[in-house]
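K.L.:
When you get a sec, could you give me coordinates for this:
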Amino acid sequence: MNWTNLKQNLLERCPQMKLREHEPMSRHTTFRIGGPAALMAFVKDEAEFKAALQAAEEAKTVPYVMGNGSNVLAADGDLDVFVIVTTEGMDRLERTGDTEITCGVGVSMARLATFAMEQGLTGLEFAHGIPGSVGGGIYMNAGAYGGEIKDVAVESHYLTLGGEAGVLRGPEQDLSYRHSAYSVGDKFATEVVFRLAHGDRETIRSRMAELAEKRRSRQPLDKPSAGSTFKRPAQGYAAALIEQCGLKGYTVGGAQVSEKHAGFVINCGGATCADVVALTDHIHNVVYEQTGIELEMEVRRLG
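P.N.:
Numbering: from 1, shown residues only. This is a model prediction of the structure:
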């Protein structure tokens, strides 16, 4: 891969585009883990996003598009990858109908939920404590406490790797548990349209505060992590199975199964990707040996 040519192509298309070479992924993931990406672009709007995608296609590389990096485990060494970050732009956020909000993928889930509350619209209270961006939310159909993106996302706009624009509506988004049409193929979401319901601002605010307190009391929010490490299996819950197998607090290097919530693998300080992989492999093997249930990683691997 000729990274110099890709960088030159990007700057010819968008002279003001913010680019960084050999940028540590540890600075851009909530796990605080990851070696340097060969090239990283911080797109400020859809035009720059389109240009970055087109340049990537011409370079015959598929970019890694990310928001807050809240569900990413990046490898330790040099990463031969072009990363596009959406959270320094792509931030349109406005009420576009009676109960409708249109939101850019670079907006945080927390900001979206707060905006909905301020507009007197209910349906996004569950999203307030999710640490990712709207792009990550639609990518994996993020959910918590009984709510999911699929319940409220009625339409999403996207660009293809070649920069062509399109729209997915309703079931075309293929939203299911930790899956969407964006999880596969070459579509990259740019905006999401949410349809909510009228609600009382104080009731919405109270519900958001209640869920925030639940998170604080039950989850290790004081330690770097990527959120829930494993998907919910068909039988039971990952955290309960891990705890049942005596793995709560189990440690490999700087990575640990949280003593507060066994569904979280946390970075206790200086954890490497290798530590996390060794730990999650051990969890997978022990749970399978003891219960016959095979846990599947929810966290996305890079490199």
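K.L.:
And the strands in the stretch 201-303 of the chain?
P.N.:
Using DSSP state E, counting those that start in this stretch, the strands of the stretch 201-303 of the chain run over 225-228, 251-252, 255-257, 264-267, 300-302.
K.L.:
Could you list the low-pLDDT ranges of the stretch 151-300 of the chain?
P.N.:
For the stretch 151-300 of the chain, no stretch has pLDDT under 70.
K.L.:
again, only this time at 80
P.N.:
For the stretch 151-300 of the chain, the stretches flagged by pLDDT under 80 are 185.
K.L.:
can you pull the contacts of Glu148?
P.N.:
Glu148 is in contact with 126, 141-142, 175, counting by CB atoms under 8 Å, 6 or more residues apart in numbering. Using the backbone N, CA and C atoms, a C-beta is placed for each residue, glycine as well.
K.L.:
hang on, the earlier thing: quick check: which of the strands of the stretch 201-303 of the chain is nearest to Gln54?
P.N.:
strand 300-302 (22.1 Å; CB to CB).
K.L.:
Note down every partner strand of the closest one and its orientation.
P.N.:
Under the criterion DSSP bridges, strand 300-302 sits next to strand 72-74 (parallel) in its sheet.
K.L.:
What are the contacting residues of the partner strand?
P.N.:
25-26, 29-31, 33-35, 37, 66, 226, 273, 276-277, 299-303.
K.L.:
All the strands of the stretch 1-150 of the chain, in order from the start?
P.N.:
Per DSSP E, counting those that start in this stretch, the stretch 1-150 of the chain carries strands over the ranges 18-24, 36-42, 64-66, 72-74, 79-85, 93-95, 100-104, 121-122, 143-144, 147-148.
K.L.:
What is the nearest of the contacts of Glu148 to Gly263?
P.N.:
The shortest approach to Gly263 among the contacts of Glu148 belongs to Ala142, at 15.2 Å (CB to CB).
K.L.:
do you know how far the closest one is from Ala110?
P.N.:
12 Å (CB to CB, to the nearest Å).
K.L.:
Now Thr11: closest residue in space that isn't a chain neighbour?
P.N.:
Actually, residue 11 is Leu rather than Thr. Counting by CB to CB, 6 or more residues apart in numbering, the nearest residue to Leu11 once its immediate chain neighbours are dropped is Met17, at 6.5 Å.
K.L.:
so Val65 bridges to which residues?
P.N.:
Ile84.
K.L.:
Quick one: residues contacting it.
P.N.:
Here Val65 is in contact with 83-84, 86, 135, 188 (CB under 8 Å, 6+ apart).
K.L.:
pLDDT score for it?
P.N.:
pLDDT for Val65: 97.
K.L.:
same check, this time on the one 5 residues further on
P.N.:
The per-residue pLDDT reported for Ser70 equals 94.
K.L.:
and it, how many neighbours?
P.N.:
22 (other CB atoms under 10 Å).
K.L.:
what number of residues lie near the residue lying closest to Glu125 once chain neighbours are set aside?
P.N.:
Nearest residue to Glu125 in three dimensions, chain neighbours excluded: Arg207, at 4.5 Å (CB to CB, 6+ apart). The local packing of Arg207 (other CB under 10 Å) involves 17 other residues.
K.L.:
same check, this time on Gly77
P.N.:
12.
K.L.:
again with the one 4 residues further on
P.N.:
Other residues near Val81 come to 20 when the count uses other CB under 10 Å.
K.L.:
Pull up the gap between it and Leu159, please.
P.N.:
For Val81, the distance to Leu159 - CB to CB - is 19 Å.
K.L.:
quick one: Asp6 and Thr87, what's the gap?
P.N.:
One thing to correct before we go on: residue 6 is Leu, not Asp. Counting by CB to CB, the gap from Leu6 to Thr87 is 21 Å.
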